[in-house]
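>>> give the three-dimensional model of this entry:
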Amino acid sequence: MARRASSSLHPGILIGIAAAVVVAIVAGQSLFKHKKPSFGDVNTLNMDDFLENGNSLRGNEYAIEGKIDEKLRWTPSRGQIVSLRVTTKGGDELIGIEIPPKFNNLNVEREQRYSMRVKVRQGGIPVATDVNRL
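From the prediction side, this is the model:
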């Protein structure tokens, strides 16, 4: 008696296809999850101008990127002040940034890289208006 050809796929092939689909979905989600909104609509803070006379920049918004060097102060009602280490042509510079209480749910950690949108207020003090961990 003649044997009949099997019309179904081998179970190993089905498992391989299912695993490939799962890997593709997980990889796609991780790529989109780590993409941070950019601050392309604002200029990058020029550290030389800021260090020379930060008060002259008041009222303007800038983007700044760096590594948290130190958490200087935190209170639930006033927010926190951090020291951000920014890499410049002349070497690393430190800048103090006020992070308002609306970001109290954000866990800002030392030695982590952040991108911030800051608005320079009276006295040349940069105040974060948006914070993204890189």
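>>> what are the pairing partners of the strand of greatest length in the chain, and which direction each?
Criterion DSSP state E: the longest strand present in the chain is strand 61-75. Paired strands of strand 61-75, with direction, are strand 43-44 (parallel), strand 79-88 (antiparallel), strand 113-121 (antiparallel) (DSSP bridges).
>>> among those strands, show me which one is buried the most.
With neighbours defined as mean count of other Cβ atoms under 10 Å, the strands paired with strand 61-75 peak in mean count at strand 113-121, which reaches a mean of 19. C-betas here are computed from N, CA, C, even on glycine.
>>> domain map for this protein?
Structural domains assigned to the chain are 9-38, 43-133, following automatic domain parsing.
>>> and the helices in this structure?
With DSSP state H as the criterion, the chain has helices at 11-34, 47-53.
>>> most tightly packed of those helices?
Sorting the helices of the chain by mean neighbours (by mean count of other Cβ under 10 Å), the first place falls to helix 47-53, with a mean of 14.
>>> need the contact partners of that one.
56-57, 86, 88, 90, 93, 95, 120, 124, 126 (Cβ atoms under 8 Å, 6 or more residues apart in numbering).
>>> of these, just the buried ones, ChimeraX syntax please.
ChimeraX command restricting those to the buried ones, with burial defined by 16 or more other Cβ atoms under 10 Å:
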select :57,86,95,120,126
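>>> I'd say Ile97 and Thr129 touch.
No. Applying Cβ atoms under 8 Å, one finds Ile97 not in contact with Thr129, separated by 10.7 Å.
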